[in-house]
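Student: Task: produce atomic coordinates for the following.
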Amino acid sequence: MSNNDSTTQPNPFGYFKPHEDMLPLIQEVREAYTVVDKFLNTLPASRQRSIAITELETSAMWAIKGLVLNDQKSTQPDEGRGGAGGGVVGAGGAGRAGRAGADGVDGGGAGRAGRAGADGVDGGGAGRAGVTGA
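Tutor: Next up, the predicted model:
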């Protein structure tokens, strides 16, 4: 346990809402990862290709999380707000963790990470590293 006061320190495991100025850059990152994902899917099916795609998804998640967490304009709404976006992990995709958000910031994903929230951030779109929209 940490001695940090939770009222002054952001919860690194909580939801962070990206500032609207950050959304175009997040979308650009997603589009770049989508290009690589499409290329990887042209390679012969193999365990190695599957691992490459999984690691690409992981990389996309960290890239976007790094943008949001290090943006001074991004906020961490009250975790006790309840509802679909109130910090409930595992409500999204079948199998892995993630978040599906109506605002398309990182989307949920078929069989990939899912966190259901009306304003979600994270996940992957269509089972891959995130091109989803509202």
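
Student: mind listing what Q76 touches?
Tutor: By Cβ atoms under 8 Å, 6 or more residues apart in numbering, the contact set of Q76 is P10, N11, G14, Y15, F16, K17. Where you see a C-beta, it was placed from the backbone N, CA and C, and this is true even at glycine.

Student: So which of those residues belong to helices?
Tutor: Secondary structure assignment by DSSP state H places none of the contacts of Q76 in helices.

Student: Of these, which count as buried by neighbour count?
Tutor: Buried by 16 or more other Cβ atoms under 10 Å: Y15, F16, K17, out of the contacts of Q76.

Student: could I get those as CSV with distance to W62 and pLDDT?
Tutor: Conversion of the buried ones among the contacts of Q76 to CSV gives the following (distance: Cβ to Cβ, whole Å; pLDDT from 0 to 100):
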residue, distance to W62, pLDDT
Y15, 17, 88
F16, 14, 89
K17, 18, 91
